[in-house]
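Undergrad: What follows is a protein structure lacking sequence information:
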């Protein structure tokens, strides 16, 4: 029996990775030191690109059925609407921001994992590991305190900001800790004039607060409270913030969860050390502005899963997984920069700067082109891998996406039980020869190309791996051969 992959941490990122590996029939074990899934709402936002990837796995509809589709983001100063950004501008099948409690996200991913025969091993933690020639010897401690050594093919740390895997590797977690604190509250809200399916942001000279809709009448509230914050904020403390910064007449009640938290902006330099990887908060943490943290982590998992599946099945060389860090690290850098800017713009204290910010928001965010660009960036559908070592060829002179770009399609690529590339080309001898020559990693049928003068090779995660003119099919053939051999096509 082949060695399993060991995933440490059964939050959204670890569960996504384990469920994808199980879908691909890769032996996998996932452990978590907690006794049960979270019962807190925690990370709420699921953006369009994450839903597209969940659609490949067959569980996007379950997410939509258990969440609330936010339709807009409203920016307010008291009762005054400064700007409203609609969220249906993204060029995607999923034109919304799905608000779903993390407890539900974990439940749905856990069910997905179980559907493919998996089971989370809870009350179990990693105590150490040693890499060897063909795997990683992982010491774990189970619920009865008994130790076990797991001989894993790979070890992936999805174990959060205080990652044992990252710390054991000695990976620097470079960045900064913000001095201000934030209060978080899941509460019932009455008297709010904003649309029911709107994420409402209130800017005030005193500070900001944001209301994220969770279900009818129930909201997540986040507000900055400065460096000197109460150790255990109460409902009265949160109500006072809303009274001071809000439109008036808004009443909070029925608190489910009130907590204080700080913000770190940190990232590792490399997501891989030999056969050990980090993903999600173990690799990068940033401000909640934009609601992209969990999405970025889940997309780390989707990126890594298909590559591990091809490598462990022997259909691709070990070098394929070098591309994981090369592709995902720049994405996290961009998310860190974007979320940091959003947070700092929202938190300006200087009156002149606040007035300038409000004026710019009022006159710029209403522009259709700006709304479209902002929605696409937040929804993460603009994320691509233009500098990926897997890219080959060029779309120059052709009408269609370039190597590294996400492809827009009516159907999700990579929806089967094995990770396969898709060939988008007109039916001819060149295309048929490529299908025959790389049958182990290609879908057996051809798909309609964006431009019949060209050939597109699409990865299992829906990004373009290679593009060539129809008379240069050897570029596609070479890219597939390089992936199978585990070398860079470029």
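TA: Cool, the structure landed. Note that this is a predicted model, so its numbers are computed, not measured.
Undergrad: quick one: the helices in the protein?
TA: In the chain, the segments counted as helices under DSSP state H are 12-23, 48-57, 60-65, 102-115, 164-169, 235-245, 293-312, 322-346, 351-364, 368-378, 429-437, 473-485.
Undergrad: Residue 194: how many residues sit nearby?
TA: By the criterion of other C-beta atoms under 10 Å, residue 194 has 21 neighbours. For every residue, glycine as well, the C-beta is placed using N, CA and C.
Undergrad: got a list of what residue 48 touches?
TA: With contacts defined as C-beta atoms under 8 Å, 6 or more residues apart in numbering, the neighbours of residue 48 are 90, 92, 94, 95, 96, 379, 380, 381.
Undergrad: What of residue 182?
TA: So residue 182 contacts 222, 223, 224, 225, 260, 261, 262, 263 (C-beta under 8 Å, 6+ apart).
Undergrad: Over to residue 416?
TA: Contacts of residue 416 by C-beta under 8 Å, 6+ apart are residue 443.
Undergrad: From residue 57, how far off is it?
TA: 11 Å (C-beta to C-beta, to the nearest Å).
Undergrad: joint contacts of these two?
TA: With C-beta under 8 Å, 6+ apart as the test, residue 416 and residue 57 reach no residue in common.
Undergrad: measure the closest residue to residue 159 other than its chain neighbours to residue 175 for me?
TA: Once flanking residues are discounted, residue 159 sits nearest to residue 9: 3.7 Å by C-beta to C-beta, 6 or more residues apart in numbering. According to C-beta to C-beta, residue 9 and residue 175 sit 20 Å apart.
Undergrad: Neighbour count for these two, which is higher?
TA: residue 9 (30 against 15).
Undergrad: Hmm, the more buried one is touching residue 158, no?
TA: Yes - at 3.8 Å, residue 9 counts as touching residue 158 under the criterion of C-beta atoms under 8 Å.
Undergrad: so what's in contact with the two at the same time?
TA: Common neighbours of residue 9 and residue 158 (C-beta under 8 Å, 6+ apart) are 280, 282.
Undergrad: Could I get the contacting residues of the nearest residue to residue 38 once chain neighbours are set aside?
TA: Spatial nearest neighbour of residue 38, chain neighbours left out: residue 103 (5.4 Å); criterion: C-beta to C-beta, 6+ apart. The contact partners of residue 103, by C-beta under 8 Å, 6+ apart, come to 37, 38, 39, 40, 41, 42.
Undergrad: what does residue 164 give?
TA: By C-beta under 8 Å, 6+ apart, the neighbours of residue 164 are 8, 125, 126, 157.
Undergrad: Identify each buried residue in stretch 343-360, please.
TA: 343, 346, 347, 348, 354, 357, 358 (16 or more other C-beta atoms under 10 Å).
Undergrad: how close does the residue sitting furthest away from the middle of the chain get to residue 232?
TA: Distance to the chain centre peaks in the chain at residue 429, reaching 39.4 Å (criterion: C-alpha atoms, centre = their mean). To residue 232, residue 429 is 72 Å away according to C-beta to C-beta.
Undergrad: picking up where we left off before, mind checking the helices of the chain for the one nearest to residue 83?
TA: helix 351-364 (4.8 Å; C-beta to C-beta).
Undergrad: Now do the closest one: which elements does it pack against?
TA: strand 80-86, strand 198-204 (3 or more C-beta pairs under 8 Å, 6 or more residues apart in numbering; DSSP states H and E).
Undergrad: Now that helix: average pLDDT?
TA: For helix 351-364, the mean per-residue pLDDT is 90.
Undergrad: got the angle between that helix and strand 80-86?
TA: In terms of direction (axes from the mean of the first three to the mean of the last three C-alpha atoms, to 10 degrees), helix 351-364 departs from strand 80-86 by 50 degrees.
Undergrad: ok, residues contacting helix 351-364?
TA: Counting by C-beta under 8 Å, 6+ apart, 75, 77, 82, 83, 203, 205, 345, 348, 370 sit against helix 351-364.
Undergrad: How about stretch 472-489?
TA: 310-311, 315-320, 322, 389-393, 421, 423, 430-431, 433-434, 437-438, 440-442, 455, 457, 465-468.
Undergrad: which parts of it are buried?
TA: 472-473, 475-480, 482-484, 488-489.
Undergrad: any idea which of those is closest to residue 298?
TA: Using C-beta to C-beta, the buried residues of stretch 472-489 come closest to residue 298 at residue 483, 23.6 Å.
Undergrad: For that closest one, give me the pLDDT.
TA: Looking at residue 483, the pLDDT reads 94.
Undergrad: quick one: it and residue 82, what's the gap?
TA: Counting by C-beta to C-beta, the gap from residue 483 to residue 82 is 49 Å.
Undergrad: cool, residue 331 as well?
TA: Applying C-beta to C-beta to residue 331 and residue 82 gives a distance of 30 Å.
Undergrad: For residue 221, name its beta-bridge partners.
TA: Under DSSP bridges, the beta-bridge partners of residue 221 are residue 185, residue 211.
Undergrad: Verify the contact between it and residue 213 for me.
TA: No - with contact defined as C-beta under 8 Å, residue 221 does not reach residue 213; the gap is 11.0 Å.
Undergrad: The two: which is more packed in?
TA: residue 213 (25 against 22).
Undergrad: who's in contact with the more buried one?
TA: Residue 213 makes contacts with 68, 70, 99, 196, 197, 198, 199, 219, as judged by C-beta under 8 Å, 6+ apart.
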